[in-house]
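Asks: Here is my input; please provide its structure:
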Amino acid sequence: MRVGFAKDIHRLVEGKDLILGGVKIPFDKGLEAHSDGDVVIHSIVDALIGALNKGDIGTLFPDTDERYKNINSSYFLKEIKKIIENCSVFIDYIDVFISCEKPKLKDYIKQMKENICKELQISTDRLSIKCGTNEGVGAVGEGKAIESYCIVCLGEKL
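Replies: Predicted coordinates:
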């Protein structure tokens, strides 16, 4: 078994759409980033890259590369899926925790799971997504940022 862990955080800014788990969420701010800023997908991709011992998301998809400017982060899922297919592993389980004060995300979890599982070609029982607040503490608690934590388990193909 291989395990990977990652965290991603981005500032909330006006003038951008809020995309989390590939879902456009109605909100007056979005996440500042070179790509679409989808912290959920970024944390999953980075955790998968870590479990594969292939570096990190910034190494494989650098923010200095214009190809990734404003790109839909689902692209990163597709690319990491290709890498996984060329290794002798499979995705056993992914556990995600999203931390934000607003907006409330519970109504979007099912769609996030469906989007991510479709791209990674895994069943929805292999992905958990949970949400919570930072109880007013730090940039996330002050409503200035959203962050996502992810841990993945990869099984070795026999």
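Asks: Am I right that T124 is in contact with Q111?
Replies: No - using C-beta atoms under 8 Å as the test, T124 is too far from Q111 to be in contact (10.9 Å). All C-beta atoms are positioned from the backbone trio N, CA, C, and that covers glycine.
Asks: what's the distance between K24 and V89?
Replies: Separation of K24 from V89 (C-beta to C-beta, to the nearest Å): 31 Å.
Asks: what about the two, which has more around it?
Replies: Higher neighbour count among K24 and V89: V89, with 19 against 13, using other C-beta atoms under 10 Å.
Asks: Once you drop chain neighbours, what's closest to the more buried one?
Replies: Of all residues not flanking V89 in the chain, L154 sits nearest, at 4.3 Å (C-beta to C-beta, 6 or more residues apart in numbering).
Asks: Backbone torsions only: list them for that neighbour.
Replies: The phi/psi pair for L154 (degrees, to the nearest 10) reads phi -110, psi 130.
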